[in-house]
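Visitor: Sequence first, then the predicted structure, then my questions.
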Amino acid sequence: MKNALVIGASGGIGSAVVAELVKRGLQVTGLSRSEDGLDVTDEASVEKHLGALEGPFDLVFCATGALEIDGAMPEKTIRDLDPKAMMDQFRLNAAGPALVLKHAIRLVPRRESAVMAVLSARVGSIGDNGIGGWYSYRTAKAAVNQLVHTAAIEFGRSYRHLSCVALHPGTVETPFTEKYADKHPTVTAEKAAKRLCDLFEQLTPEHTGGFYDYAFEEIVW
């Protein structure tokens with residue numbers, strides 16, 4: 001890979017991935033809300049910012065997302081469910097990455113190997129859910145997995161060398177996850193970035209439409 005586009009480049013994982021890609025010799029273009037005004041929940045904003053780029057990019061990584069939005073914490077019980085909080089999760093964690101895929105696909109080469117990856121989470125797995133809770137975040141991540149899988153099928157018809165995937169980076173040490181990590185092992189953003197970049201280098205068109213963790217193990221839908 002030579003040229004990378006990272007959406008959400010100022011976030012904990014996004015900024016670490018940018019640094020790691022640069023370390024590996026790639027030319028990196030980063031976009032974020034805080035530094036560039038890109039709002040992935042607003043299609044006009046996505047179209048404006050991605051429309052200003054020329055490419056081609058053989059890596060497009062969408063690292064946007066949030067566990068808490070406007071102070072709404074993950075639900076412990078369905079009694080905590082709030083429609084606005086749920087829609088906020090869908091807007092940012094599902095519709096946002098889908099809009100990135102929609103407007104970034106033109107920047108990907110048709111006849112050369114390329115990767116489009118979206119940050120997901122293991123808690124978005126329906127088959128792996130054995131403890132419940134976190135209704136809005138779980139369902140938004142399950143939705144983005146379906147969006148990525150469906151886009152991969154469509155893209156595969158014209159971009160035969162493309163791998164379009166959803167990735168789980170592990171539990172990364174950030175101010176948000178600190179409250180929820182409990183006894184789960186965590187990794188630094190830097191270590192998560194190295195593992196993700198290793199994954200980018202291993203992905204092939206045979207993996208397109210898949211959902212993988214940081215160790216390149218496929219996660220059940």
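Guide: Perfect, thanks for sending it.

Visitor: Any stretches of the chain with poor pLDDT?
Guide: Where the chain drops to pLDDT under 70, the residues are 175-183.

Visitor: Nearest spatial neighbour of the residue positioned nearest the centre of the chain, chain-adjacent residues omitted?
Guide: For the chain, the residue lying nearest the average C-alpha position, counting by Cα atoms, centre = their mean, turns out to be Leu119 (2.0 Å). The spatial neighbour of Leu119 that comes closest, neighbours along the chain excluded (Cβ to Cβ, 6 or more residues apart in numbering), is Ala63 at 5.0 Å. C-beta here means a position set from N, CA and C on the backbone, and glycine is covered the same way.

Visitor: Contacts only, for the one you found.
Guide: Ala63 makes contact with Val6, Ile7, Gly8, Ala9, Gly11, Ile13, Gly14, Val17, Leu119, according to Cβ atoms under 8 Å, 6 or more residues apart in numbering.

Visitor: The same query, at a cut-off of 6 Å, please.
Guide: Gly8, Gly11, Ile13, Gly14, Leu119 (Cβ atoms under 6 Å, 6 or more residues apart in numbering).

Visitor: Quick check: phi and psi at it.
Guide: The phi and psi torsions at Ala63 (degrees, to the nearest 10) take the values phi -110, psi 20.

Visitor: Likewise for Ala166?
Guide: When read as degrees, to the nearest 10, the backbone of Ala166 gives phi -110, psi 140.

Visitor: dump the residue contacts of Asn91.
Guide: You called it Asn, but residue 91 is Arg. Applying Cβ under 6 Å, 6+ apart, we find Arg91 in contact with Thr41.

Visitor: In three-state terms, how would it be classified?
Guide: Each residue gets one of three states, and Arg91 gets helix by DSSP: H, G, I helix; E, B strand; the rest coil.

Visitor: ok, it to Thr41 distance?
Guide: When distances are taken as Cβ to Cβ, to the nearest Å, Arg91 and Thr41 turn out to be 5 Å apart.

Visitor: Over to Val115?
Guide: For Val115 relative to Thr41 (Cβ to Cβ), the value is 24 Å.

Visitor: Which of the contacts of Ala63 fall in strands?
Guide: The strands in this structure, assigned by DSSP state E, contain Leu119 from these.

Visitor: And the contacts of Ala63, which is closest to Ala52?
Guide: If you rank these by distance to Ala52 using Cβ to Cβ, Gly8 comes first, at 17.2 Å.

Visitor: count of residues packed around that closest one?
Guide: Residue neighbour count, defined by other Cβ atoms under 10 Å, stands at 27 for Gly8.

Visitor: Over to Asp82?
Guide: Here the count is done by other Cβ under 10 Å, and Asp82 has 12 residues near it.

Visitor: ok, now how distant is it from Val144?
Guide: Separation of Asp82 from Val144 (Cβ to Cβ) stands at 20 Å.

Visitor: And Glu154, by the same measure?
Guide: 16 Å.

Visitor: same question, Val18
Guide: Applying Cβ to Cβ, one obtains 21 Å for the distance of Val18 from Val144.

Visitor: More neighbours: these two, which one.
Guide: Under the neighbour definition other Cβ under 10 Å, Val18 and Val144 were set side by side, and Val144 has more, 28 against 24.

Visitor: All set, thanks.
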